[in-house]
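Novice: Provide a 3D model corresponding to the input given below.
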Amino acid sequence: MKEFLKRKNVVFSVKRYGIDALGAMAQGLFASLLIGTIIGTLGEQTGLSVLVTIGDYAKSATGPAMAISIGYALQCPGLVLFSLTAVGVAANELGGAGGPLAVLIVTIFAAELGKIVSKETKIDIIVTPFVTIATGVLLSIWWAPAIGAAASAVGSAIMWATELQPFFMGILVSVLVGIALTLPISSAAICAALSLTGLAGGAAVAGCCAQMVGFAIMSFQENRWGGLLAQGLGTSMLQMGNIVRNPRIWIPPTLASAVTGPLATCLFHLEMNGPAVSSGMGTCGLVGQIGVYTGWMSDIAEGTKAAVTGMDWGGLLLICFLLPGLLSWLFALPLRRAGWIKENDLKLDL
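Specialist: Residues are numbered from 1 along each chain as shown. Below you'll find the model as predicted:
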């Protein structure tokens with residue numbers, strides 16, 4: 001059996017399912033829901049209805065995009081990969097608000113079973129898609145509503161707790177989601193799976209920005225402008241190798257997130273009412289900030305917000321850009337003087 005699974009490239013590991021598949025799911029979300037929301041918002045603001053239509057079509061492909069991305073990460077054969085389209089539709093729709101988590105779990109099972117039967121019969125063109133789709137859809141009917149409800153309940157509990165205790169939960173959510181963003185897992189997929197929006201979503205944005213902008217600024221002397229853009233608009237995950245070598249370099253941006261999180265929740269009341277996946281993106285392509293903006297526009301359209309104020313813009317600018325950079329740089333100074341952070345500890349191979 002071990003040799004058979006190896007031949008079929010079925011690998012049971014935390015890395016493959018918890019890192020590779022989860023990270024790929026976030027890319028699927030970005031290539032459908034997230035970009036669709038951005039295009040649609042641009043169309044609404046410019047009055048170009050064709051952009052709104054494009055955005056709607058992109059958002060409608062969310063389930064299939066996630067499933068195919070996960071299948072790609074699991075190195076599925078072509079016939080299995082393409083069959084996951086239907087699985088993604090079923091799991092995302094039946095999972096409701098917790099659809100992304102349902103898609104992740106159901107797709108992993110359907111993909112691995114599809115890989116097992118792939119090319120094992122003379123009628124592979126029928127057997128492989130039948131097994132993959134039937135397994136995925138049946139599991140979606142059986143599991144997806146419960147998975148979605150559980151994920152939604154956890155997300156709702158976090159959001160409720162943040163509303164109740166904005167200071168302490170602001171720290172907790174900001175620090176944990178920020179750490180997840182820098183680790184080789186997907187903070188965006190986690191936020192999407194938990195439907196993390198509202199005040200908790202704002203804290204998550206703050207934590208992600210603290211890591212990205214924080215590392216970009218405090219490593220500027222080593223990495224200059226290339227590093228600033230790669231980390232500030234790309235990902236702080238680039239520093240993971242350096243963190244493994246010297247974990248102390250992680251202290252300044254993490255402390256910064258512990259400061260900006262409660263400021264976001266208590267002082268500026270920064271909320272993410274755009275797509276939940278944006279809560280875990282930080283300044284990557286400015287997706288977090290675009291998500292906050294689309295949330296403002298949605299609130300205005302629904303009549304729950306009168307207008308975007310100067311306080312809104314000021315809070316977004318301070319929480320996402322100015323404070324993360326300033327605080328991380330300040331927190332790093334005593335660590336550099338004490339020798340905890342040495343020259344080139346933050347150097348990237350760019």
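
Novice: what about the chain, any weak spots by pLDDT?
Specialist: 350 (pLDDT under 70).

Novice: Now the residue nearest the centre of it: closest residue in space that isn't a chain neighbour?
Specialist: The centroid of the chain falls nearest to residue 188 when counting by C-alpha atoms, centre = their mean (0.7 Å). Distances taken as C-beta to C-beta, 6 or more residues apart in numbering place residue 280 nearest to residue 188, at 3.8 Å, with adjacent residues excluded. To be clear about C-beta, it is placed using only N, CA and C from the backbone, and glycine gets the same treatment.

Novice: wait, the one you found sits on residue 208?
Specialist: Yes - using C-beta atoms under 8 Å, residue 280 is in contact with residue 208, at 6.2 Å.

Novice: Need the overlap of contacts for these two.
Specialist: In terms of C-beta atoms under 8 Å, 6 or more residues apart in numbering, residue 280 and residue 208 are both contacted by the residues 177, 181, 187.

Novice: Run a quick neighbour tally on the last one.
Specialist: The burial count assigned to residue 187 is 30, neighbours taken as other C-beta atoms under 10 Å.

Novice: Does the residue of the chain positioned farthest from its centre belong to a helix, a strand or coil?
Specialist: In terms of distance from the mean C-alpha position of the chain, residue 122 ranks first, at 40.9 Å (C-alpha atoms, centre = their mean). Here residue 122 is recorded as coil under DSSP: H, G, I helix; E, B strand; the rest coil.

Novice: got the contact list for it?
Specialist: Contacts of residue 122 (C-beta under 8 Å, 6+ apart): none.

Novice: ok, now how distant is it from residue 326?
Specialist: Here the criterion is C-beta to C-beta, to the nearest Å. By it, residue 122 lies 66 Å from residue 326.

Novice: Next secondary structure after the helix or strand containing residue 93?
Specialist: Assigned by DSSP states H and E, residue 93 belongs to helix 78-95. Sequence order places helix 99-117 as the next helix or strand after helix 78-95, per DSSP H and E.

Novice: How far does that following helix sit from its chain's centre?
Specialist: From the chain centre to the centre of helix 99-117 is a distance of 19 Å (C-alpha atoms, centre = their mean, to the nearest Å).

Novice: so residue 76 sits right up against residue 116, yeah?
Specialist: No - judged on C-beta under 8 Å, residue 76 makes no contact with residue 116 at a distance of 11.0 Å.

Novice: Now that residue 331 has come up, it's in contact with residue 259, right?
Specialist: No - contact criterion C-beta under 8 Å: residue 331 and residue 259 do not qualify, at 9.1 Å.

Novice: Could I get the contacting residues of residue 327?
Specialist: Residue 327 makes contact with 210, 214, 252, 255, 256, 259, 260, according to C-beta under 8 Å, 6+ apart.

Novice: Tell me where the stretch 151-300 of the chain has helices.
Specialist: Secondary structure of the stretch 151-300 of the chain (DSSP state H, counting those that start in this stretch): helices located at 166-182, 187-193, 198-218, 220-232, 240-245, 251-262, 287-302.

Novice: Identify whichever of these lies nearest to residue 100.
Specialist: helix 187-193 (4.4 Å; C-beta to C-beta).

Novice: and residue 4, how far is that from residue 279?
Specialist: 41 Å.

Novice: same question, residue 91
Specialist: 21 Å.

Novice: do residue 189 as well
Specialist: Taken as C-beta to C-beta, the span from residue 189 to residue 279 is 11 Å.

Novice: and what of residue 246?
Specialist: Applying C-beta to C-beta, the value for residue 246 to residue 279 is 29 Å.

Novice: Which one's more surrounded, the two?
Specialist: Neighbours per residue (other C-beta under 10 Å) separate residue 246 from residue 279, with residue 279 holding more: 35 against 13.

Novice: Can you report how many residues lie near residue 83?
Specialist: Using other C-beta under 10 Å, residue 83 has 27 other residues around it.

Novice: and the residue nearest to residue 174 when sequence neighbours are not counted, what is it in contact with?
Specialist: In space, and not counting its chain neighbours, residue 174 is closest to residue 261: 2.5 Å by C-beta to C-beta, 6+ apart. Residue 261 makes contact with 170, 171, 172, 173, 174, 175, 203, 206, 207, 210, according to C-beta under 8 Å, 6+ apart.

Novice: Try it again at 6 Å.
Specialist: 170, 171, 174, 203, 206, 207 (C-beta atoms under 6 Å, 6 or more residues apart in numbering).
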